[in-house]
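K.L.:
need the 3D shape of this:
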Amino acid sequence: MLWLIGPGITSVLAGGYDHGKATGACYFAPATAVVGQPYQVRASGLPTGVNVELFVLNYESGTRLYGPLAVNADGTWSATFTQITDGKFKFEFVSASANATRLASKDAVCTIAIH
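P.N.:
Model (predicted):
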């Protein structure tokens, strides 16, 4: 799966509505990339049986929303991305609340620098 993030992808507005500590993990392969270079995002410890969404936040290109994601039965997920602008891109995996607050739960967070 290859996603190009840039013009033509609809931006979404995101509020600060998550709670809790991210108990999952995510990382990139390679750890940094250059504009136009594909890189893989891998996440683990994601909840199963609920909708998990991915917010990709960048100050200059805005926030993108992907989901619900097809999380594997072992709580893992991966995809390949390519950025057309430089900067830091923060990946936040969130799911529906598991408690009475009705606020989204932050499942995993990681940031990549694109040069």
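
K.L.:
beta partners for residue 88?
P.N.:
Applying DSSP bridges to residue 88 gives these bridge partners: residue 113.

K.L.:
how far away is it from residue 66?
P.N.:
The spacing between residue 88 and residue 66, counted by Cβ to Cβ, to the nearest Å, is 18 Å. All C-beta spots, glycine's among them, are computed from the backbone N, C-alpha and C.

K.L.:
what about these two, which has more around it?
P.N.:
Neighbours per residue (other Cβ atoms under 10 Å) separate residue 88 from residue 66, with residue 66 holding more: 18 against 12.

K.L.:
surely the more buried one is in contact with residue 54?
P.N.:
Yes - between residue 66 and residue 54 there is a contact under Cβ atoms under 8 Å: 4.4 Å.

K.L.:
flag every buried residue along stretch 72-84.
P.N.:
Residues of stretch 72-84 classed as buried under the neighbour-count rule (16 or more other Cβ atoms under 10 Å) are 75, 77, 81-83.

K.L.:
and the end-to-end length of it?
P.N.:
28 Å (Cα to Cα, to the nearest Å).

K.L.:
average pLDDT for it?
P.N.:
Taken as a whole, stretch 72-84 has a mean pLDDT of 97.

K.L.:
the strands in the chain, which residues?
P.N.:
Assigned by DSSP state E, the strands in the chain fall at 2-5, 18-19, 25-29, 39-44, 52-58, 62-66, 77-83, 87-95, 104-114.

K.L.:
any idea how far residue 68 is from residue 109?
P.N.:
18 Å.

K.L.:
the more surrounded of those two?
P.N.:
Regarding residue 68 and residue 109, a neighbour count based on other Cβ under 10 Å identifies residue 109 as having more, with 19 against 11.

K.L.:
for that one, which residues count as its bridge partners?
P.N.:
On the basis of DSSP bridges, residue 109 is bridged to residue 92.

K.L.:
isn't it right up against residue 92?
P.N.:
Yes - judged on Cβ under 8 Å, residue 109 makes contact with residue 92 at a distance of 5.1 Å.
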